[in-house]
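Peer 1: Next comes the sequence, and after it the predicted model I'd like to discuss.
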There are 2 protein chains.
Amino acid sequence: MKPTITLEYCPKCNWLLRSAWMAQELLTTFADELHGVLLHPSDTSGRFTVWVDGRELFDRKAAGRFPDIKELKQLVRDAVAPGKSLGHSDRPA
Amino acid sequence: MKPTITLEYCPKCNWLLRSAWMAQELLTTFADELHGVLLHPSDTSGRFTVWVDGRELFDRKAAGRFPDIKELKQLVRDAVAPGKSLGHSDRPA
């Protein structure tokens, strides 16, 4: 089965909109590689964590920031489609 | 565990945008009642189906149309939070 990305976000921080945006970016870039993207409102305030199936890919508190979309796509690519080129998203920032 | 809504959509029909919009509407209205909303690109062309966990709630081909957002919220409410009032979304169209 194809992998599922989970975007766990803090709803009370109003992070649904940016999470839904990131979900659409990932589903546009990885339409063929993903089973789907789950938008999951967190019970933990201030949390924004990206998972691939059960594995953590990125955590806002650990990184001290949100992921840049290019960075997030590279992390997801490395996890679900290592050989896939991301075109301009692969060039250094 | 709280229920998960799955929005299965046809990516080649360009239905990601409307599906992501519906996901945000459901996550705004049912932030406390849902584990999350899964955006799931379908392998079947022309498909748009709404599931609650494993149960089908709405199917575009069967209905011959997309769900109105008020209708979708009432269907989800009846499935996951029967007692919950939807305010103006509860008044007849």
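Peer 2: Thanks, I have the structure now.

Peer 1: any idea which helix or strand carries the residue nearest in space to the middle of chain A?
Peer 2: The centroid of chain A falls nearest to A:Val50 when counting by CA atoms, centre = their mean (5.0 Å). Following DSSP states H and E, one finds A:Val50 within strand A:48-52.

Peer 1: and the helix or strand that that strand is followed by, which strands flank it?
Peer 2: Counting by DSSP H and E, the next helix or strand C-terminal to strand A:48-52 is strand A:55-59. If you go by DSSP bridges, strand A:55-59 pairs up with strand A:48-52 (antiparallel).

Peer 1: so what's the residue nearest to the centre of chain A up against?
Peer 2: A:Val50 sits next to A:5-8, A:56-59, A:67, A:72, A:75-76 when contact means CB atoms under 8 Å, 6 or more residues apart in numbering or on different chains. In short, each C-beta sits where N, CA and C put it, glycine included.

Peer 1: which residues does it bridge with?
Peer 2: Assessed by DSSP bridges, A:Val50 has beta-bridge partners A:Leu7, A:Phe58.

Peer 1: can you tell me how far it sits from B:His35?
Peer 2: According to CB to CB, to the nearest Å, A:Val50 stands 17 Å off from B:His35.

Peer 1: same deal with A:Glu71?
Peer 2: Taking CB to CB, one finds A:Glu71 at 27 Å from B:His35.

Peer 1: What's the local residue count around A:Val52?
Peer 2: 18 (other CB atoms under 10 Å in any protein chain shown).

Peer 1: show me where pLDDT drops low in chain A?
Peer 2: The model of chain A has pLDDT under 70 over residues A:91-93.

Peer 1: what residues does it put near chain B?
Peer 2: Counting by CB under 8 Å from any CB of the partner chain, chain A comes close to chain B at A:4, A:6, A:11, A:16-17, A:20, A:23-24, A:27-28, A:31, A:34-41.
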